[in-house]
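Colleague: Have a look at this prediction, sequence included:
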Amino acid sequence: MNLTGKPNPVSAYLNTRVTLFSSRLWPAESLNKLIETPAEEMGATLGAHDLPQLAAGFDSLDNRSLEQRIIAQLLEETTVLIRPLSGVERDFLTYWTERFEVSNLKTLLRGKMTGERPAALLNRLTPMGSFGRVDINDLAHAEDVNELLRRLEAGPYAAIVRQARRAFEESHDPFILDAALDRSYYEGLAQRARPLETAAGLSFRCLMGGLIDRINLVWLLRYRFNYNLPPSQVYFLLVDSHYSLGSMRLRELAAQTRLEDILAALPTPLRASMEGVTEIPQVFTRMERAAAASAQQVLRSSAPAIARAFAYLLLRERDLRAVRAVLRGRLLSLPTADIRLAMYQTLEGNA
């Protein structure tokens, strides 16, 4: 409703689209059936599940084109959802797609570090269509990584690249460059979410909080214990947050020296959900499962349309990761049991 008490046509359109799109989500039994689907029926099955990007030419797919087609499907559906939107709502959902282009930029940067030829680099990038904000062909022909970073700082991703370049100049470590780019991207997402958290309320804030808290905690654990980074560097690479794991708490957690000490210092609800956890992948699994349940609850509710749209996109991408695991297993001729395990691990956040 708007201030006049009349229905908002934008919200009505978006809610209708989200409700229609929600029928595209894959129940577990449908994913299990996909594992057993005969090869000659696979294209028709994918088409019947509203996956035209995957259905066309299924027999000729490889891992790269499979990933590219899944992203193309997500971009296509996002195009429909943002059609009636303007202002901060459109800006937020459009920015949500830009992580795919940031992934392209990371591929370009790594390619420049290893001297990869522009043609080979371009072949590995995901086409962004109307969502593309940079001239990928021009960037691929930059002389070296420093020239590429300078060009990026002069373009639409300047805010994301600037701090990452500084971090890279200090360390000359490709991992630090990737991590800093990711951090800057998600800080931009959180900034764009703030006005929507006021307008769309608790449902939208819960989705964002679950996303950023999960990213921060898993990154913190990986950086601290898998990569053995010092606390100050770990904290630098985390997303500035105002959710359950706020920035001050993240600083305190990064100073801990054992996984169990970090889990014990979490806020009460999150600490309770980690009971029995002894490994970092289990943390991701628990938080991913909780995030999916939260998104499903928002999608089924009468929450504001933008919250329901974001919940759908989160769940749709989760589903398509599981479909990807099934198709990749089929393309590799893996045993059915292995494909099923990979599918469930993907749904639980392990793949």
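Modeller: Sure, I can see it.

Colleague: Next one: the nearest residue to Gly132 once chain neighbours are set aside from Ser184, what distance?
Modeller: In space, and not counting its chain neighbours, Gly132 is closest to Glu101: 6.4 Å by Cβ to Cβ, 6 or more residues apart in numbering. For the C-beta atoms, the positions are set from N, CA and C on the backbone; glycine is no exception. Distance, Glu101 to Ser184, using Cβ to Cβ, to the nearest Å: 13 Å.

Colleague: Buried ones in the helix or strand that the residue nearest to Gly132 is a member of, by neighbour count?
Modeller: Glu101 belongs to helix 87-114 when assigned by DSSP states H and E. In terms of neighbour count (16 or more other Cβ atoms under 10 Å), helix 87-114 has its buried residues at 88-89, 92-94, 96-98, 100-112.

Colleague: Domains in the protein, by residue range?
Modeller: What automatic domain parsing lists as the domains of the chain is 12-58+304-351, 61-199, 202-291.

Colleague: Could you save the ones you listed as a markdown table and add columns showing distance to Val298 and mean pLDDT?
Modeller: Listed next are those as a markdown table, based on distance: least, Cβ to Cβ, whole Å; pLDDT from 0 to 100:
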| stretch | distance to Val298 | mean pLDDT |
| --- | --- | --- |
| domain 12-58+304-351 | 4 | 86 |
| domain 61-199 | 13 | 92 |
| domain 202-291 | 5 | 95 |
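
Colleague: Columns distance to Gln297 on top of these, output as JSON lines?
Modeller: JSON lines is the format used below for those (distance: least, Cβ to Cβ, whole Å):
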{"stretch": "domain 12-58+304-351", "distance to Gln297": "8"}
{"stretch": "domain 61-199", "distance to Gln297": "17"}
{"stretch": "domain 202-291", "distance to Gln297": "8"}
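
Colleague: quick one: the helices in the stretch 151-300 of the chain?
Modeller: 158-171, 174-199, 202-221, 231-236, 247-254, 259-264, 268-273, 280-300 (DSSP state H, counting those that start in this stretch).

Colleague: For the fourth one, which helices and strands make contact with it?
Modeller: Here helix 231-236 is seen to pack against helix 247-254 when contacts are counted using 3 or more Cβ pairs under 8 Å, 6 or more residues apart in numbering; DSSP states H and E.

Colleague: and the helix it packs on, how far from the chain's centre?
Modeller: 23 Å (Cα atoms, centre = their mean, to the nearest Å).

Colleague: Pull out the buried positions in it.
Modeller: Going by 16+ other Cβ under 10 Å, helix 247-254 has these buried residues: 249-250, 253-254.

Colleague: Cheers, nothing more for now.
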